[in-house]
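Colleague: Kindly return the folded structure for what I paste below:
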Amino acid sequence: MYTPDKARYGKINYRKCGKSGIKLPEISLGLWQNFGDVDDFQKSREIILYAFDSGITHFDLANNYEPPFGSAERNFGRILHNDLSDYRDELIISTKAGYNMWEGPYGNGSSRKYLLSSLDQSLKRMHLDYVDIFYSHRYDPETPIEETMGALDTAVRSGKALYAGISNYPVEKAREAAAILKSLGTPCLIHQPKYSMLWREPENGLIDFLGDEGIGCIAFSPLAQGMLTNKYAAGIPQGSRAARDNTTLRFENFPPDTFDKIREYATEAEKRGISLAQLAISWVLRDARITSVLVGASSVAQLKENIEALNHPY
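Modeller: Predicted structure coming up:
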């Protein structure tokens, strides 16, 4: 029988999510990888429970987190039901829809049909009545943005989500989406962009916009899918994720000077007496407009290292 650490809320800081009444932990746990059916369930459980014991209250999912699609939600639902059901009101649980999920013309994109059907499926997989945040996972140029935002509004008004969010929206589309949601009476709580020392596109107006509008910002991939770890300071090691063919992390997706930058950052981390991963996390959190950073974890030790970054502000 799991009993959470009674001192958990003294271990981590929480930041206001924009101008809302919600606070998020400075580090949130993302279940994009390492929580699917192909992974060790007991290890996944240990990571999630360690996160909660450490004061991490926000767990971020999406319908197609895998492999196979939906399995991260299903496994999280098992852990929630067996270990954390008494603490549901202490948790912020988010999920998303927007990318490929099922076959046919209605299993991808940002249509009302897809988003609301997907939300129903997500709730069923996680054994939940509602999620705290439901995101449009991406801007879909084939769907009118009014339709997508209308679906988020419906999700909130139906009680199946408490808040609406967007992810991967470029600044102009984020501006348009936020205006539509505001007009519907369901303000945009949060935006989830990719942001790291190696990917700084949000600095080209997006973070300024979110700060001005009072919308939260939670950065995903702050370690650039593991590139900002000591593992890559000397290049791509054999057997690493970047060296595999079937991976989303490909060296050719990064500028030629990427490893020069990584070595520079690794040197700076060494001067500070911390790991490169800790430097990368503290760097993203240096901006008060960043509500939280989403980290993944393949072990309790890795999550512990990431949380330690909070003791070393940039």
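Colleague: Next, count neighbours for residue 180.
Modeller: Using other C-beta atoms under 10 Å, the number of residues around residue 180 comes to 19. Bear in mind the C-beta positions are built from the backbone N, C-alpha and C, glycine included.
Colleague: same thing with residue 204?
Modeller: Counted with other C-beta under 10 Å, the neighbours of residue 204 add up to 10.
Colleague: and it, what does it touch?
Modeller: By C-beta atoms under 8 Å, 6 or more residues apart in numbering, the contact list for residue 204 reads residue 171.
Colleague: per-residue pLDDT, it?
Modeller: On pLDDT, residue 204 comes in at 98.
Colleague: what's the distance between it and residue 213?
Modeller: Residue 204 sits 16 Å away from residue 213, going by C-beta to C-beta, to the nearest Å.
Colleague: repeat for residue 297
Modeller: From residue 297 to residue 213 the distance is 31 Å (C-beta to C-beta).
Colleague: which of the two has more neighbours?
Modeller: More crowded of residue 297 and residue 213, by other C-beta under 10 Å: residue 297, with 25 against 17.
Colleague: Identify the residues contacting that one.
Modeller: Residues in contact with residue 297 (C-beta under 8 Å, 6+ apart) are 29, 34, 47, 51, 303, 306.
Colleague: What subset of these is buried?
Modeller: For the contacts of residue 297, a burial check counting by 16 or more other C-beta atoms under 10 Å picks out 29, 34, 47, 51, 303, 306.
Colleague: Can you tell me, leaving aside adjacent residues, what's nearest to the third one?
Modeller: Ranked by C-beta to C-beta, 6 or more residues apart in numbering and with sequence neighbours excluded, the top spatial neighbour of residue 47 is residue 297, at 5.1 Å.
Colleague: Mind listing what's buried along the least confident helix or strand in the chain by mean pLDDT?
Modeller: Lowest mean confidence among the helices and strands of the chain (mean pLDDT, DSSP states H and E): helix 258-272, at a mean of 95. By 16+ other C-beta under 10 Å, the buried positions in helix 258-272 come out as 259, 262, 265, 266, 269.
Colleague: my read: the second one touches residue 231, true?
Modeller: No. Under the contact definition of C-beta atoms under 8 Å, residue 262 does not touch residue 231, with a separation of 9.8 Å.
Colleague: Next one: residue 142 from residue 109, what distance?
Modeller: Residue 142 is 6 Å from residue 109, by C-beta to C-beta.
Colleague: In terms of neighbours, single out the busier of those two.
Modeller: Neighbours were counted for residue 142 and for residue 109 using other C-beta under 10 Å; residue 109 has more, 21 against 8.
Colleague: Any figure for the gap between the more buried one and residue 138?
Modeller: 9 Å.
Colleague: Same check on residue 220?
Modeller: 12 Å.
Colleague: Please say which of those two ends up with more neighbours.
Modeller: residue 220 (21 against 18).
Colleague: re earlier: quickly list what's touching both of residue 109 and residue 138.
Modeller: In contact with both residue 109 and residue 138: residue 98, using C-beta under 8 Å, 6+ apart.
Colleague: Residue 166 against residue 177, yeah?
Modeller: Yes. Contact criterion C-beta under 8 Å: residue 166 and residue 177 qualify, at 5.3 Å.
Colleague: Report the set of residues contacting both of those two.
Modeller: With contacts defined as C-beta under 8 Å, 6+ apart, the residues adjacent to both residue 166 and residue 177 are 136, 139, 188.
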